[in-house]
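# just coords:
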């Protein structure tokens, strides 16, 4: 039987760890805060591998914050070690250069001898497999607030070496109001989505507004990294295909969303090697991938990762879903962003991206100004569309001048 430990006695189970172990922890909204803090108190030095770390993760001397997707809890830390990687490839790293020694999970209470990873599946099954293959340790914070969700996150209790009991409510996104600019972008994106399409959208003002604009559609399907409250609203309005489960890798939303997910046969949370595999994505007919960006340049290159040379997030799933959607029968890969960055007071359509490229050549770029269709057009026509249809009017003259200097103007 898997032993149950008190948080303060966790050190008794950690004696076989190397001097600086690599610890993989549930991230996004599913961090097991009580377990992680207890581990931090009892282990002096370690590498913390966590997706999208939120504010409050241990950030002190002795801790290395390692992640392929940077969140607010690590973005400005001097101890950040960003690992550039497509999300679909992180499990490969666990089998090689980033092999874990410990995995800390946030799970549901057991059901028929199994626990569920709840709202966060993602890279965790691969981490569990990797750590067990090398004799490492799996510790689970068993929490009654975590929903039991079907899919690849269901684990036999015997795969867990130590159980601890603690309650840490799942995280929630901070809601932002939909302004006229976001609504205009969302309306243009929604107009390109027909009945029967398969959707991938992230979190944020524009994706939420897009989902709200789809409430008259029928037979929509979900194959995404994330399920949000906007998708739940479509489900309740009868807009989704009743014959197909909602497929994703994690949940991020309200307590209402997490309650709906508990023991719900309509939902399947799968490992990232499946949800983010471009081949699997492409098998979905009329796959529509909607992602955002910080900048798009006149070559159709997208920067969604860096601000003024500093890593802001990472590749995430954008590269995986853009490739998959482009190969889907009737698919579209859309980049949706504002034409002008309000804080930096600069155009988001630029002559040439100077940061490392996150992705390139989407089907179209959508701003509040209009839609620039790129796929299948010549380089010159792409430039014309980006400047005349997507760029802010205040930036167009300069962009045409730069396009001429780059030899891109017709």
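Received the coordinates, thanks. The structure presented is a predicted model; accordingly, all values stated were derived computationally and were not measured.
# where do the helices sit along this protein?
For the chain, helices defined by DSSP state H occupy the ranges 33-42, 90-94, 124-133, 180-191, 205-212, 229-236, 255-261, 272-275, 278-282, 318-327, 379-385, 393-405.
# OK, contacts around the nearest residue to residue 182 once chain neighbours are set aside?
Here the nearest residue to residue 182 in space, its sequence neighbours aside, is residue 205; by Cβ to Cβ, 6 or more residues apart in numbering that works out to 4.6 Å. In short, each C-beta sits where N, CA and C put it, glycine included. Residues touching residue 205, when contacts are defined by Cβ atoms under 8 Å, 6 or more residues apart in numbering, comprise 176-179, 182.
# repeat the analysis, applying 7 Å as the threshold.
Residues in contact with residue 205, defined by Cβ atoms under 7 Å, 6 or more residues apart in numbering, are 176, 178, 182.
# tell me where the stretch 301-410 of the chain has strands.
301-303, 306-307, 310-311, 332-336, 340-341, 346-347, 349-350, 359-360, 364-366, 371-373 (DSSP state E, counting those that start in this stretch).
# tell me which of the ones you listed lies nearest to residue 157.
When the strands of the stretch 301-410 of the chain are ranked by distance to residue 157, counting by Cβ to Cβ, first place goes to strand 310-311 at 37.7 Å.
# for that closest one, which outside residues touch it?
Contacts for strand 310-311 (Cβ under 7 Å, 6+ apart): 70, 82, 305.
# pull the distance from that strand to the chain's centre.
Remark: strand 310-311 is offset 17 Å from the chain centroid, using Cα atoms, centre = their mean, to the nearest Å.
# for that strand, which strands pair with it and how are they oriented?
strand 306-307 (antiparallel) (DSSP bridges).
# any idea of the mean pLDDT in the strand it pairs with?
Model confidence over strand 306-307, given as mean pLDDT, is 91.
# so how far is it from its chain's centroid?
Taking Cα atoms, centre = their mean, one finds the center of strand 306-307 at 17 Å from the center of the full chain.
# returning to what we had before: how about the strands of the stretch 301-410 of the chain in TSV, adding distance to residue 91 and mean neighbour count?
Output for the strands of the stretch 301-410 of the chain, formatted as TSV (distance: least, Cβ to Cβ, whole Å; neighbours: other Cβ atoms under 10 Å):
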stretch	distance to residue 91	mean neighbour count
strand 301-303	24	23
strand 306-307	24	18
strand 310-311	21	16
strand 332-336	23	25
strand 340-341	34	18
strand 346-347	37	16
strand 349-350	34	24
strand 359-360	20	20
strand 364-366	31	26
strand 371-373	35	21
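# quick one: closest of those strands to residue 295.
Using Cβ to Cβ, the nearest of the strands of the stretch 301-410 of the chain to residue 295 is strand 301-303, at 4.3 Å.
# mean confidence score for that closest one?
96.
# how about stretch 267-276?
Mean predicted lDDT for stretch 267-276 stands at 98.
# for it, measure first residue to last.
Between the start and the finish of stretch 267-276 there is a gap of 17 Å, counting by Cα to Cα, to the nearest Å.
# can you list contacts of that stretch?
Here stretch 267-276 makes contact (Cβ under 7 Å, 6+ apart) with 87-88, 90-91, 121-123, 125-126, 149-153, 225, 227, 245-250, 261, 280, 317, 320.
# same check, this time on stretch 27-41
Residues lying outside stretch 27-41 but in contact with it, judged by Cβ under 7 Å, 6+ apart, are 7-8, 10, 23, 25-26, 50-54, 56, 58, 104-106, 118-120, 139, 141, 164, 166, 168, 170-172, 250, 252.
# from residue 340, how far off is the residue nearest to residue 209 when sequence neighbours are not counted?
Distance criterion Cβ to Cβ, 6+ apart; nearest residue to residue 209, sequence neighbours excluded, is residue 186 at 3.4 Å. Applying Cβ to Cβ, to the nearest Å, the value for residue 186 to residue 340 is 17 Å.
# likewise for residue 273?
Look at residue 273 and residue 340: by Cβ to Cβ, they are 38 Å apart.
# give me the below-cutoff pLDDT ranges for the chain.
In the predicted model of the chain, residues 1 satisfy pLDDT under 70.
# ok, 90 please
Confidence mapping of the chain against pLDDT under 90 gives the ranges 1-6, 8-9, 11-19, 173-178, 202-208, 308-309, 342-344, 355-356, 360-361, 409-410.
# ok, of the contacts of residue 205, which come out buried?
Applying a neighbour-count criterion of 16 or more other Cβ atoms under 10 Å, the buried members of the contacts of residue 205 are residue 182.
# can you lay out the contacts of residue 205 as JSON lines showing distance to residue 345?
Below are those laid out as JSON lines (distance: Cβ to Cβ, whole Å):
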{"residue": "176", "distance to residue 345": "19"}
{"residue": "178", "distance to residue 345": "22"}
{"residue": "182", "distance to residue 345": "18"}
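# just curious, which of the contacts of residue 205 is nearest to residue 236?
Using Cβ to Cβ, the shortest approach to residue 236 within the contacts of residue 205 belongs to residue 178, at 19.5 Å.
# test my guess that that closest one contacts residue 209.
Yes - the pair residue 178 and residue 209 qualifies as a contact (Cβ atoms under 7 Å) at a distance of 4.8 Å.
# number of residues surrounding the nearest residue to residue 158 once chain neighbours are set aside?
Setting aside the residues directly before and after it, residue 158 is nearest to residue 2 in space (Cβ to Cβ, 6+ apart), at 6.3 Å. Here the neighbour count serves as a burial measure; for residue 2 (other Cβ atoms under 10 Å) it reads 17.
# go on, residue 241?
The burial count assigned to residue 241 is 15, neighbours taken as other Cβ under 10 Å.
# do the one 10 residues further on as well
Each residue near residue 251 was counted by other Cβ under 10 Å, and the total is 27.
# going forward, begin numbering at 8 instead of 1
Sure, I'll start numbering at 8, so the last one becomes residue 258.
# can you tell me which residues contact it?
Residues in contact with residue 258 (Cβ under 7 Å, 6+ apart) are 126, 233-234, 264-265, 268.
# domains in the protein, by residue range?
The record's domain parsing of the chain by automatic domain parsing lists 11-172, 187-412.
# now distance to residue 374 too, for the helices of the chain, in JSON lines please.
Below are those laid out as JSON lines (distance: least, Cβ to Cβ, whole Å):
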{"stretch": "helix 40-49", "distance to residue 374": "38"}
{"stretch": "helix 97-101", "distance to residue 374": "31"}
{"stretch": "helix 131-140", "distance to residue 374": "36"}
{"stretch": "helix 187-198", "distance to residue 374": "6"}
{"stretch": "helix 212-219", "distance to residue 374": "10"}
{"stretch": "helix 236-243", "distance to residue 374": "21"}
{"stretch": "helix 262-268", "distance to residue 374": "29"}
{"stretch": "helix 279-282", "distance to residue 374": "28"}
{"stretch": "helix 285-289", "distance to residue 374": "25"}
{"stretch": "helix 325-334", "distance to residue 374": "17"}
{"stretch": "helix 386-392", "distance to residue 374": "11"}
{"stretch": "helix 400-412", "distance to residue 374": "11"}
